[in-house]
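Participant: Quick one, what's the 3D model for this:
(2 chains)
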Amino acid sequence: MQTEAYDRVAVLGDIHGASHLLKALLERLDDRHVISAGDVNDRGPDTAGVVEQLVQRGATGVCGNHEQWLRDWLSGQPFDRFALSRAMGGRATLESYGISPSSRLGDDERSKVPAHHREWLLQRGILMDLKVSGQPYWVVHAGVPKHVNVRGLDPASVLPRLEQVSPQDLLWPKTKPEQMPPLDRPIIMGHVPQRQPWDGGHVLAIDTGAATFRQGGRLTALLLPEREFLSVG
Amino acid sequence: MLTFLMTLALADEAGDAWLTKVDIANNAGDDAHIVLDLKVTDAKGQAAERTIEIWQQGDDKRLVRFTAPARLEGVGLLVPDGETVYFYLPAYERAKRVSGEQRSDAFMGTDFSIGDLSAMEWNPEYSAVIEQDEGAEVRLLLTPDNPKEHGHASVRMWVRKTDSLPSRIEYLDKDGEVLRRLSLSGYRDAGPRPLAHHLKVEDLEKGTWTEATVDQAEFDTGLDDQLFTLRELER
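Facilitator: Numbers count the residues shown, from 1 in each chain, chains lettered A, B, ... in the order given. Got it, this is the predicted structure:
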């Protein structure tokens, strides 16, 4: 688990290769620290441009389900080929690095991803223990899956234990934010695209469909400690 | 700690991940327009033909309408927001909202339920575990979050590993007996994803079945939002 503490941050929702939206959003931010809630890649045309901007900005963050195949592939491990389907949009990620999706996808192709991009992508954890001006938050891409019964559990232990025993549960299941149980602190999540960012008190959902919605997809930042949303698109 | 591990034992990380992939694969593309020719066969073996058209935008808007035979023309379903389902008969003055319990009802004499035709995603309503890895396919067991809203106790689903699309779906009662079976075959590339060109749904209790063949499929044609409104359903 990553533990990070800052005075002011902007947590970004799913970017999905929409480098123009990221550029527009970063231009509107002050010098606060930037954190990604995952899914920086796939679908949109310029994952390479997204990662470059995040690296230049010194951003940190957690990974989402879409980074999973990319991290596996960059590590030389077998990866889920479903990622290259139109539905997942992984082909756009490869093309943004000048890699043909129909190529062998071996070391030659991997070498086209700059080393600093590879390093940034591989450094991302699944769960972040974030403190902003003393207020703790969890940052986790898919939030708390609905099938986990948290009754009787120490609320502070739920996400760290899930990260250990079933990390996929923090990346994939699409549980509606309003179905999630309150834990010991607010959860900041992406993964479930909605037209508007949502602050339900115990959950802050910030995926607003950048490069996912056919029309009207936006990129949202959650500004902390103000607890305000800033969206572009 | 013991409680926590017991709780997690009920969860299956890979099961729900697969279910999410199925939803993503099933809804690939910005929009779709599909024409299905149906052959409905009753328990005596007598068959009747029908045609339905389905329009879908994203993973939260769908309009389903009978276009043949003439007596059923205009009968339709609308899902405007991913959750609410409206049913319309031309004899109605206005479309009626379909309750959760009514979604397991058969749709106009076919073996498709209203839920079969209106639901676009599994993940919001079910949790899944992997029952078996069968090599080319993975077999999932799905449990509904609100069993009262379904006419079945669980669902068994076979998912093709290559593209995360289902090849067979069985709806089970509380004793594990199969109530209905949906078989999907003839997958062919159709724009953003492979599309099953032949579907067969069997009601094993009634001894009836409905076969559906894709007559036409178009994707990403830029369907108008106005198509997914009550006004359009009631037109």
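
Participant: Residues of chain A that sit close to chain B?
Facilitator: A:65, A:81-82, A:85-88, A:145-150, A:152-153, A:157, A:161-162, A:165-169, A:171-176, A:213-214 (C-beta under 8 Å from any C-beta of the partner chain). No exception for glycine: its C-beta is placed from N, CA and C like everyone else's.

Participant: how does it look with 6 Å?
Facilitator: A:82, A:86-87, A:147-149, A:152-153, A:161, A:165-166, A:168-169, A:172-174, A:214 (C-beta under 6 Å from any C-beta of the partner chain).

Participant: and B:Ala136, how many neighbours?
Facilitator: 10 (other C-beta atoms under 10 Å in any protein chain shown).

Participant: same thing with B:Met120?
Facilitator: Neighbours of B:Met120 (other C-beta under 10 Å): 16.

Participant: Kindly provide the distance from it to chain A.
Facilitator: Distance, B:Met120 to chain A, by C-beta to the nearest C-beta, to the nearest Å: 12 Å.

Participant: what's near enough to touch that residue?
Facilitator: B:Asn27, B:Asp59 (C-beta atoms under 6 Å, 6 or more residues apart in numbering or on different chains).

Participant: quick one: low-confidence parts of chain B?
Facilitator: The model of chain B has pLDDT under 70 over residues B:1-13.

Participant: for it, what spans make up the helices?
Facilitator: Ranges of helices in chain B, per DSSP state H, are B:2-10, B:13-26, B:114-118, B:230-233.

Participant: same deal with chain A?
Facilitator: Counting by DSSP H, the helices of chain A are A:19-28, A:47-57, A:65-74, A:90-96, A:107-110, A:115-123, A:158-165.

Participant: what does the first one contact?
Facilitator: Contacts made with helix A:19-28 from outside it, assessed by C-beta under 6 Å, 6+ apart, are listed as A:Ile15, A:Asp46, A:Gly49, A:Val50, A:Gln53, A:Ala210, A:Leu219, A:Ala221, A:Val232, A:Gly233.

Participant: Could you report the neighbour count for A:Gly106?
Facilitator: 10.

Participant: make that A:Lys112, sorry
Facilitator: By other C-beta under 10 Å, the residues close to A:Lys112 number 13.

Participant: can you redo the helices of chain A as TSV with mean pLDDT and mean neighbour count?
Facilitator: Compiled in TSV, the helices of chain A are given as follows (pLDDT from 0 to 100; neighbours: other C-beta atoms under 10 Å in any protein chain shown):
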stretch	mean pLDDT	mean neighbour count
helix A:19-28	98	18
helix A:47-57	98	21
helix A:65-74	97	22
helix A:90-96	97	23
helix A:107-110	97	12
helix A:115-123	98	15
helix A:158-165	93	18
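
Participant: With distance to B:Asn123 as added columns, please give the ones you listed in a markdown table.
Facilitator: Output for the helices of chain A, formatted as a markdown table (distance: least, C-beta to C-beta, whole Å):
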| stretch | distance to B:Asn123 |
| --- | --- |
| helix A:19-28 | 26 |
| helix A:47-57 | 25 |
| helix A:65-74 | 12 |
| helix A:90-96 | 20 |
| helix A:107-110 | 32 |
| helix A:115-123 | 26 |
| helix A:158-165 | 17 |
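
Participant: B:Gly207: which of those helices is closest?
Facilitator: Ranking the helices of chain A by proximity to B:Gly207 (C-beta to C-beta) places helix A:65-74 first, at 42.3 Å.

Participant: coming back round to it: derive a ChimeraX selection command for the buried subset of the residues of chain A next to chain B.
Facilitator: Buried members of the residues of chain A next to chain B, defined by 16 or more other C-beta atoms under 10 Å in any protein chain shown, are picked up in ChimeraX with:
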select /A:82,86,87,147,148,153,161,166,168,169,172,173,174
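
Participant: So which of the residues of chain A next to chain B sit within strands?
Facilitator: Assignment to strands by DSSP state E places none of the residues of chain A next to chain B there.

Participant: who touches stretch A:185-193?
Facilitator: In contact with stretch A:185-193 (C-beta under 6 Å, 6+ apart) are residues A:11, A:13-14, A:37-39, A:136-139, A:141-143, A:174, A:202-207, A:209, A:212.

Participant: what do you get for stretch B:177-188?
Facilitator: Applying C-beta under 6 Å, 6+ apart, the contact partners of stretch B:177-188 are B:152, B:166-173, B:194, B:196-205.

Participant: Out of the contacts of stretch A:185-193, which sit inside strands?
Facilitator: Short answer: the contacts of stretch A:185-193 in strands (DSSP E) are A:Val11, A:Pro136, A:Tyr137, A:Trp138, A:Val139, A:Val203, A:Leu204, A:Ala205.

Participant: and the closest residue to the third one other than its chain neighbours, how many neighbours does it have?
Facilitator: Spelled out, that is A:Tyr137. Leaving aside its chain neighbours, A:Tyr137 sits nearest to A:Leu130 (4.6 Å; criterion: C-beta to C-beta, 6 or more residues apart in numbering or on different chains). When neighbours are counted by other C-beta under 10 Å, A:Leu130 registers 25.

Participant: Wait, A:Leu130 touches A:Val140, no?
Facilitator: No - the pair A:Leu130 and A:Val140 does not pass the contact test of C-beta atoms under 6 Å, sitting 10.1 Å apart.

Participant: Only the buried subset of the contacts of stretch B:177-188, as a PyMOL command please.
Facilitator: The buried residues among the contacts of stretch B:177-188 can be selected in PyMOL (16+ other C-beta under 10 Å) with this line:
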select buried, chain B and resi 152+166+167+168+169+170+171+172+194+196+197+199+200+201+202+203
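
Participant: restrict the contacts of stretch B:177-188 to contacts with chain A.
Facilitator: Within these, nothing lies near chain A by C-beta under 6 Å from any C-beta.

Participant: in chain B, which spans are strands?
Facilitator: Using DSSP E, strands in chain B cover B:31-41, B:47-57, B:61-68, B:76-79, B:86-88, B:96-97, B:126-133, B:137-144, B:154-160, B:166-172, B:178-190, B:193-203, B:208-219.

Participant: Which neighbouring elements make contact with the fifth one?
Facilitator: Contact here means 3 or more C-beta pairs under 6 Å, 6 or more residues apart in numbering or on different chains; DSSP states H and E; on that basis strand B:86-88 packs against strand B:76-79.
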